[in-house]
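1. got a predicted structure here, sequence first:
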Amino acid sequence: MDQQNIGKFIAQKRKEQNLTQEQLAQCLGVSNKTVSKWETGKCMPDYSVVKGLCAQLHITVAELLDGAPAEKNAAQASDEQVMELLRRTQALEKEKVTLYGILLIVMGIALLAVSHSFGGSDLQDFLSGVLLGISVGAILTGMCVSIKSLAKPK
C-alpha cells in the first residue's frame with residue numbers, strides 16, 4: 001500500500017469523473033485540503049470516508065488500496081472485508097496511542113516517587129527538582145495524549 005500511488009490514483013479517477021477537489025470534498029464532507037493531502041500522498045483517507053470516496057470515483061475499496069485498477073483475473077477480497085480490516089487497523093492505532101499516554105503517566109508517577117527520595121545537599125535538591133519537573137511534564141503529556149486519543153470518534 002503505497003500512499004503516493006494511491007494519491008495519484010485518486011487524482012486520476014477524480015479527473016476522469018470531471019470533479020474538482022472542492023466538488024469531491026463537498027460530496028464526502030471533508031475539506032478540499034484533505035483531498036489535496038490524499039492526492040499528494042501526505043495522508044490516507046479515513047476509513048469512515050473510504051466507501052463514499054469509492055462510490056464517487058466508481059472504484060472498489062481494493063482498487064483504492066492497490067492504487068490501480070483491479071485485474072480481471074485477480075482474486076479480490078470483498079469491500080466489506082477490506083473495510084473491516086481498515087476499521088480494525090485504525091482501532092489498533094488508537095489503542096496504541098492511548099497506551100503510550102498511559103505509559104507516560106505511569107513513568108511520570110515513578111519519577112515523582114524517585115524525586116522525593118532525593119534531598120540533603122544542594123546537588124541532590126537540584127536533581128530532585130529536575131526529576132519533579134520531568135515527572136510533572138510526563139504526567140501532563142500522558143494525560144493529554146490519552147484524553148485526545150479517547151476523545152476521537154470511532
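-> Thanks, I have the structure now. Numbering: from 1, shown residues only.
2. got the contact list for residue 106?
-> Applying C-beta atoms under 8 Å, 6 or more residues apart in numbering to residue 106 gives the contacts residue 142. The C-beta positions use only the backbone N, C-alpha and C, and glycine is treated the same way.
3. strands along the chain, start to end?
-> Here the chain has no strands by DSSP state E.
4. low pLDDT regions in it?
-> For the chain, applying pLDDT under 70 flags the ranges 1, 71-77, 153-154.
5. what segments of it are helices?
-> 3-16, 21-28, 32-40, 47-57, 61-66, 79-117, 122-151 (DSSP state H).
6. end to end on stretch 69-88, go ahead and measure it.
-> One end of stretch 69-88 to the other measures 24 Å (C-alpha to C-alpha, to the nearest Å).
7. domain assignment for this structure?
-> 3-66, 84-151 (automatic domain parsing).
8. among those, which is the most enclosed?
-> Across those, averaging neighbours per residue (mean count of other C-beta atoms under 10 Å) puts domain 3-66 on top, at a mean of 17.
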